[in-house]
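Visitor: Pasting the sequence and the predicted model now:
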Amino acid sequence: MVMHQNDNVGVCLREVKAGETISFQQADSQSQIKVEDPIPLGHKVALYDIQSDKPVIKYDEIIGKATKRIDKGRHVHTHNVTDFK
Amino acid sequence: MKTEFWGYQRKDGGVGIRNYVAIISAMDTVNPIVKKIVDLVKGTVSVTDLFGRKLAGYNHDIRLRSLTGLGQNPNVGAAIVISLHRPSAMPIAEAIGKNGTDVEFIAFQDLGSTLKCIEHGMRLAVKMVKKLSDQKRQPFPLTHLKLGVECGGSDFSSGISGNPAVGNASDRLMEMGGTVLLSETPEIIGAEHVLAKRAVNASVAKKLLKCVKKMEALGVKAGFSDIRSSNPSADNIKGGLTTLAEKSLGAILKAGTKPLVDVLDYSDPIPPQPGFYFMHTAAPACESLTGLAAGGVQLVVFNTGLGNPISNPVTPTIKVSGNPYTVKKSKDDLDLDLSAIITKGLSIENAGKIVFDEILKVANGKMTFSEIVELTQSTISVVGPSV
């Protein structure tokens, strides 16, 4: 589920295995990505590449910043995101 | 389209969606007596808090304002204040009576005996319940409805299903002239700038940001090294929430999208102007629900990700969840299952309509699980110790 058209992460509504291709709806278009990490239910996956120190965007707001480069399809969580200060 | 609800007219112009007789304890010393009267008389609800003696300053003021507010809540048709002695019972009874509420008080030391207090309390309560049971509901516009929105046991589902759906219902209510209250200051930390932007003027925005600063200072005083670092909690993180900002942005969704009219302190009476308000409260459910009830909300929609059983004695609470696992585990406690947002693509718009329809049903008399099973607890916030 993608909350807003400007978001760069989506929430997985089920557990996703590494290597699976999933589709998501953002604004009016459908897209697909290959998931590179196992993602638990409710956790986030990067919909686009996020450079190190760049903002992670959900709800069209900055929810944090990447502590290292996060490639599209990777698990986005406390291991690679910190508070945006 | 539903534009009205049926409720009980109060002398101060408020409208109740229930017609309770509230038996209010002014001091924990008499809590057991209050509970026994409530157990024996149908139609009564108990407000039994802890502490109540040797409180000064802010603590004393909050307590007086909260107990008064609970007694004056539009759902309360009549009240009995019970305490150890007159000096603690009378001021609260007098304060409650100022809005025309039918109120009596009982001082233990006047009667000297628990059994006599129970007998006297029962006699008064029975008389009140009988009188109120003869009162009929009348139709009123939705401008009279004040809704509290709450979340507890938050997880990944809260900010993507339950809260957005509740927010949609909140917007619907406000579009019809109703009022919605958001509370729990720690739950907006990380998203306060988003709320502040919606304030109707700079003074309201400033008040909101001041609440956050006050809460952070209180957190340090209470022993949290940094309130921001203890949130999200381990449970939230396991459930998928990564940062405080993410959690709070998800939390504020339940209050809809309307402009922020004003910021209220804990248990402050809600002003007559309809719209979206924020009330400064602590995060724990009982304390925030009590603040909202004392302010005058008639009902609460409570979204839970992981489950939460509690509600407030004077305000029916509609429990909802959008988490597909929780709705199975907590099936009994939940009044609405919104998990189809996640499992079946139910739109937020349609989910919001389901919540709004339930709000109207409960306003008109439909009972909630926590109401039927009396899962209620009043907890007035205490800042610092009594002596």
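Guide: Here it is on my side, so go on.
Visitor: Quick check, the residue in chain A closest to chain B?
Guide: A:Gly42 (2.9 Å; C-beta to the nearest C-beta). For glycine as for every other residue, the C-beta is placed from the backbone atoms N, C-alpha and C.
Visitor: and that residue, how far is that from A:Ile22?
Guide: Between A:Gly42 and A:Ile22 the computed distance is 14 Å (C-beta to C-beta, to the nearest Å).
Visitor: Neighbour count: the two, which is higher?
Guide: Just comparing A:Gly42 and A:Ile22: by other C-beta atoms under 10 Å in any protein chain shown the higher neighbour count belongs to A:Gly42, 23 against 17.
Visitor: contacting residues for the more buried one?
Guide: A:11-13, B:155-157, B:239-240 (C-beta atoms under 8 Å, 6 or more residues apart in numbering or on different chains).
Visitor: what's the spacing between it and B:Thr101?
Guide: For A:Gly42 relative to B:Thr101 (C-beta to C-beta), the value is 46 Å.
Visitor: Quick one: residues in contact with the helix or strand where B:Trp6 lies.
Guide: Here B:Trp6 is covered by strand B:4-9, with elements defined by DSSP states H and E. The contact list for strand B:4-9 (C-beta under 8 Å, 6+ apart) reads B:15-19, B:74, B:77, B:135, B:137-142, B:144-145, B:298, B:360, B:363-365.
Visitor: hmm, which of those are the buried ones?
Guide: B:15-19, B:74, B:77, B:137, B:140, B:142, B:144-145, B:298, B:360, B:363 (16 or more other C-beta atoms under 10 Å in any protein chain shown).
Visitor: Sort out for me which of these are in strands.
Guide: When DSSP state E is applied, the buried ones among the contacts of strand B:4-9 are split such that B:15-16, B:77, B:140 fall in strands.
Visitor: Let's see stretch B:367-380 as CSV, backbone CA atoms only.
Guide: Extracted C-alpha coordinates of stretch B:367-380, given in CSV (Å, rounded to 0.1, in the frame of the first residue of the first chain):
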residue,chain,number,x,y,z
MET,B,367,-24.3,-0.1,22.8
THR,B,368,-20.7,-1.0,22.4
PHE,B,369,-18.9,-4.1,23.8
SER,B,370,-17.0,-2.1,26.4
GLU,B,371,-20.2,-0.4,27.5
ILE,B,372,-22.2,-3.7,27.8
VAL,B,373,-19.4,-5.4,29.7
GLU,B,374,-18.6,-2.2,31.7
LEU,B,375,-14.9,-2.2,30.8
THR,B,376,-14.5,1.3,32.2
GLN,B,377,-11.9,3.1,34.2
SER,B,378,-11.5,6.8,35.0
THR,B,379,-8.0,8.0,35.5
ILE,B,380,-7.3,11.6,36.1
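Visitor: Can you list the neighbours in contact with that stretch?
Guide: Contacts for stretch B:367-380 (C-beta under 8 Å, 6+ apart): B:45-50, B:62-63, B:66-67, B:70, B:267, B:284, B:286-287, B:290, B:293-294, B:309-313, B:316-319, B:332-335, B:362.
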